[in-house]
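Trainee: have a look; sequence and predicted model below, questions after that.
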Amino acid sequence: MAEAGKLAPVRVTIEPSVDPSAYAFTHDIRVRFVETDAMGIVHHSNYLAYFEESRVAYLRHIGHPFTAWRDEGLESPVLESFVQYRQPLRFDDVLTVHVALAAVARASFQMAYLVAVGTAAHATGVTVHGCTTTEGRPTRLPAWLRKMAP
């Protein structure tokens with residue numbers, strides 16, 4: 001635990017790839033007008049929402065939706081996030097978010113993301129998640145997730 005006034009150590013340990021074949025899952029999203037700023041460009045904060053929507057779709061796809069996590073008494077809060085913006089997204093772009101489970105530890109895991117329009121990489125990112133009980137106490141990852149470790 002970090003001392004008061006000092007930051008905890010960075011947990012992101014992976015470099016997300018710009019190669020779409022490095023990702024196990026894809027999810028398409030159309031940029032809505034409300035997600036753009038006065039310059040007509042997607043506001044930077046929306047990338048995290050794209051990651052979350054895609055992560056939820058990925059977990060549903062592999063048969064472990066967030067609702068099942070909660071039924072098991074577990075949560076997976078985001079501990080850290082990282083985004084590298086490469087090219088702007090604009091209203092009505094159809095983007096593909098490529099998603100992969102990138103690292104697994106005893107009580108945390110990392111997801112990697114590539115946001116692309118066609119073959120052009122627009123952003124890469126990582127989210128680091130802890131595993132807690134629904135009461136907020138840290139706990140080990142479920143066995144099925146540990147078995148998926150890359």
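Mentor: That came through, no problem. Numbering: from 1, shown residues only.
Trainee: was I right to think residue 109 contacts residue 142?
Mentor: No - the criterion here is CB atoms under 8 Å, and residue 109 misses it with residue 142 at 10.3 Å. For every residue, glycine as well, the C-beta is placed using N, CA and C.
Trainee: okay, those two: which has more neighbours?
Mentor: Neighbour count, other CB atoms under 10 Å: between residue 109 and residue 142, residue 109 has more, with 22 against 16.
Trainee: do a quick rundown of the strands in this structure.
Mentor: 25-30, 74-75, 78-85, 94-104, 108-117, 120-130, 132-133 (DSSP state E).
Trainee: tell me which of those strands lies nearest to residue 148.
Mentor: Proximity to residue 148 (CB to CB) singles out strand 94-104 among the strands of the chain, at 5.7 Å.
Trainee: circling back: what do residue 109 and residue 142 both touch?
Mentor: Residues touching both residue 109 and residue 142 (CB atoms under 8 Å, 6 or more residues apart in numbering) are residue 131.
Trainee: angle of the longest helix belonging to the chain against strand 108-117?
Mentor: Of all the elements of type helix in the chain, the one with the most residues (DSSP state H) is helix 46-61. Helix 46-61 and strand 108-117 are oriented at 110 degrees to each other (axes from the mean of the first three to the mean of the last three CA atoms, to 10 degrees).
Trainee: and helix 46-61, how far out from the chain's middle?
Mentor: 6 Å (CA atoms, centre = their mean, to the nearest Å).
Trainee: helices and strands around it, which ones?
Mentor: Counting contacts by 3 or more CB pairs under 8 Å, 6 or more residues apart in numbering; DSSP states H and E, helix 46-61 packs against strand 25-30, helix 66-71, strand 78-85, strand 94-104, strand 108-117, strand 120-130.
Trainee: pLDDT weak spots in this protein?
Mentor: The chain contains residues with pLDDT under 70 at 1-10.
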